[in-house]
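Engineer: below are the sequence and a predicted model for it; my questions follow.
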Amino acid sequence: MNPKKRILIFNVNWLGDVLFSTATIRNIKRNFPESFIACVIPIRCYPVLKGNPHIDEIIIFDEKDRHKGVLGKLKFIRLLKSKRFDTVFLLHRSFTRALICKLAGIPERIGYFTKKRGFLLSKKIIAPSMEAMHRIDYYLNIIEKAGLKLEDRYLEFFVSDGDREFVDNYLNRNSVNKNVFLVAINPGSNWSPKRWPTYYWAELADKLISAFNAKVIITGSVDDIVLAKAIRDSMKEKPMLVCGIFNLKQLAALCKRLGLFITADTGPLHIANAVGTKKIIALFGPTSANLTGPYPGKNAVVLFKDVGCRIPCYKVFCKDNRCMKAITPEDIINEVRKLVN
């Protein structure tokens, strides 16, 4: 009997991008249904793939701590070598990751060609422009050009019964019944130019409560608590703050309960879309919805105002953030009216 093919997927680094890669993971598994599949991700992305039935093992690459420096990388190389992978799909374009896989003795190394790392790949895929296609397709293109068959292109995020029970119990304790118009606003972002102004969030949340009798929840991580409190303190009405209370899996369970989720271009947007949130309003400024927007977008409305800037824009220290300020609370309220009607 032939042993199972052992496949490694060396993934990318950000929550949204790892979520986009779930279509690639699923399609690899469908091409090799009897294979053993492992996926390398940073620790912060672990919840995105936890519980994914197409993955047999998740391997953490911690290049900021235990795998930092030469000795840390050698330790990680030894780990991969011990697992005897036959093939690696490199979704990340890093030279270091390709070198690690070469030194780990993985014979088939498939990924996008760059001048620096081309000699490290056994199968070189010519990279399209990162601005030429949606990020889902950018990762799927690697395996399609490698000769694999693609059957579909949607995201997956898996939630346990325990996560759903945690959220249901929390909402019940806070007297949030299932008949209320439940709206979550997600004001945070890992990148400040993508953030909508705090005073806009406060104005919007007040209107949602007063005009639509909505129950408004402000979501986010522990890092967003200060921002969420600033929004609450600028409001006339009182929202519910859950920043730091729900982890990503529980946030996904909450999204299944929502009537509406309002957010900028950030990981939770794609989590909400992946679990089928009833309605999503996504605020886009410096990033392009054609590249990183919700997909499929049947439940989502993307709001974007052309202010004359080149999009996507990667100015980390934008002086006025006018692309986000151009979207007004009334723009969102108009979309909510359509939803309610």
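Structural biologist: Received, thanks.
Engineer: just the strands in this protein please.
Structural biologist: Along the chain, the segments classed as strands by DSSP state E run 6-10, 36-41, 57-60, 87-90, 108-112, 123-125, 182-186, 215-218, 240-241, 260-264, 280-283, 300-303.
Engineer: those strands: which one's closest to residue 201?
Structural biologist: strand 182-186 (6.1 Å; CB to CB). For every residue, glycine as well, the C-beta is placed using N, CA and C.
Engineer: partner strands of that closest one, parallel or antiparallel?
Structural biologist: strand 215-218 (parallel), strand 260-264 (parallel) (DSSP bridges).
Engineer: redo the strands of the chain as TSV? Include mean pLDDT and distance to residue 146.
Structural biologist: Formatted as TSV, these follow (pLDDT from 0 to 100; distance: least, CB to CB, whole Å):
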stretch	mean pLDDT	distance to residue 146
strand 6-10	98	12
strand 36-41	97	15
strand 57-60	97	21
strand 87-90	98	8
strand 108-112	97	5
strand 123-125	97	6
strand 182-186	98	36
strand 215-218	98	43
strand 240-241	96	46
strand 260-264	97	34
strand 280-283	97	32
strand 300-303	96	31
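Engineer: so which of the ones you listed gets nearest residue 234?
Structural biologist: strand 215-218 (11.8 Å).
Engineer: which outside residues touch the closest one?
Structural biologist: Contacts to strand 215-218, defined as CB atoms under 8 Å, 6 or more residues apart in numbering, come from residues 176, 180-187, 205, 208-209, 228, 231-232, 237, 239-243, 254.
Engineer: returning to that earlier point: which of the strands paired with strand 182-186 sits most buried?
Structural biologist: strand 260-264 (a mean of 27; mean count of other CB atoms under 10 Å).
Engineer: alpha carbons only: can I get that strand in PDB?
Structural biologist: Extracted in PDB, the C-alpha atoms of strand 260-264 (Å, rounded to 0.1, in the frame of the first residue of the first chain):
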ATOM      1  CA  LEU A 260     -26.500  43.800  10.500                       C
ATOM      2  CA  PHE A 261     -22.700  44.000  10.800                       C
ATOM      3  CA  ILE A 262     -21.000  47.300  10.000                       C
ATOM      4  CA  THR A 263     -17.200  47.300   9.700                       C
ATOM      5  CA  ALA A 264     -14.200  48.600   7.700                       C
END
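Engineer: now residue 41. Nearest residue, chain neighbours left out?
Structural biologist: Leaving aside its sequence neighbours, residue 41 sits nearest to residue 11 (CB to CB, 6 or more residues apart in numbering; 4.7 Å).
Engineer: now do that neighbour, the pLDDT please.
Structural biologist: Looking at residue 11, its pLDDT is 97.
Engineer: what's the answer for residue 74, then?
Structural biologist: According to the model, residue 74 scores 94 on pLDDT.
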